[in-house]
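Undergrad: starting from these lines, generate the structure:
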Amino acid sequence: MKKVLVIAAHPDDEVLGVGGTIIKLVEKDYEIYTYILTDGSSTQYYGDTKKLNQKKEETFKANDILGVKEVIFGNLPDMKLDTISHVKINNEIEKITNKIEPEIIFTHHSGDVNKDHKLIFESTLVVCRPLPGNNIKKIYSYEVPSSTEWGDNKTKDYFIPNIYVTLNKKQINKKCLAMEKYKTELRDYPHPRSLKSIINCSQHRGNQVGYDYAESFILIRELS
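TA: Numbers count the residues shown, from 1 in each chain. This is a model prediction of the structure:
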């Protein structure tokens, strides 16, 4: 069974960027793991234990709907990855890749406006260097509404997808059902993290390749 690791800075990134694809891969008997590097809310809620626990519960419920085998939480500081060493982030990701030994990795996009996302992309590439014994065959970066499209679109880091995963209405509805579990993150339309905007984004990506719905990615590297 092929193992897939979805690396995310914060809870809900995995649903927004890869939710439909996770559902489709689970249907094809892939084994999916979600790794959330940060505590997800320490900065947002100033260490409020009740809120932190609520965010974790939301994450488990959302990923259960997607069909994820295991959710792994790191404890790096939310929205403050630029305050710790690059080596520390590398080591945290490497511990998980060594444990799971995935063949496929999804990670953040290098041009996201969120600094945590940028740093995780960089660390993912360091950890996934194609050295002897490395099991990783494919690395993709994904888009996160309210971060990727707000990055600098005048640079080489603009998100220009070269991979599209087509989805059906049932899969999109299931993705939205998972996102609904993130009550602390879901917003009203026309915010990019509203359910209507999520559907609109999937329709836009699908229409780009002649389908009703899709999620899009950048293939960073493939070994075959």
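Undergrad: which parts of this structure are strands?
TA: With strands called from DSSP state E, the chain shows them at 3-8, 31-38, 70-76, 104-108, 138-142, 163-167, 213-222.
Undergrad: and those strands as a markdown table, adding mean pLDDT?
TA: Output for the strands of the chain, formatted as a markdown table (pLDDT from 0 to 100):
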| stretch | mean pLDDT |
| --- | --- |
| strand 3-8 | 99 |
| strand 31-38 | 98 |
| strand 70-76 | 96 |
| strand 104-108 | 99 |
| strand 138-142 | 99 |
| strand 163-167 | 99 |
| strand 213-222 | 98 |
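Undergrad: could you export those strands to a markdown table, including columns for mean neighbour count?
TA: From N, CA and C alone the C-beta is placed, and that goes for glycine too. Shown next, in a markdown table, are these (neighbours: other CB atoms under 10 Å):
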| stretch | mean neighbour count |
| --- | --- |
| strand 3-8 | 26 |
| strand 31-38 | 24 |
| strand 70-76 | 17 |
| strand 104-108 | 25 |
| strand 138-142 | 24 |
| strand 163-167 | 19 |
| strand 213-222 | 19 |
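Undergrad: next, format those as JSON lines and append distance to G17.
TA: Putting the strands of the chain into JSON lines (distance: least, CB to CB, whole Å) gives the following:
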{"stretch": "strand 3-8", "distance to G17": "8"}
{"stretch": "strand 31-38", "distance to G17": "11"}
{"stretch": "strand 70-76", "distance to G17": "15"}
{"stretch": "strand 104-108", "distance to G17": "7"}
{"stretch": "strand 138-142", "distance to G17": "4"}
{"stretch": "strand 163-167", "distance to G17": "11"}
{"stretch": "strand 213-222", "distance to G17": "7"}
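Undergrad: any idea which of those strands gets closest to K88?
TA: Nearest to K88, of all the strands of the chain, is strand 70-76, at 7.7 Å by CB to CB.
Undergrad: outside of the closest one, which residues touch it?
TA: If you take CB atoms under 8 Å, 6 or more residues apart in numbering as the criterion, strand 70-76 is touched by 33-40, 56, 59-60, 63, 84, 88-89, 92, 96.
Undergrad: at 7 Å what do you get?
TA: Strand 70-76 is contacted from outside by 33-39, 56, 59-60, 63, 84, 89, 92, 96, using CB atoms under 7 Å, 6 or more residues apart in numbering.
Undergrad: show me the helices in the chain, by range?
TA: Using DSSP state H, the helices of the chain run over 13-27, 49-66, 86-100, 115-127, 169-180, 195-208.
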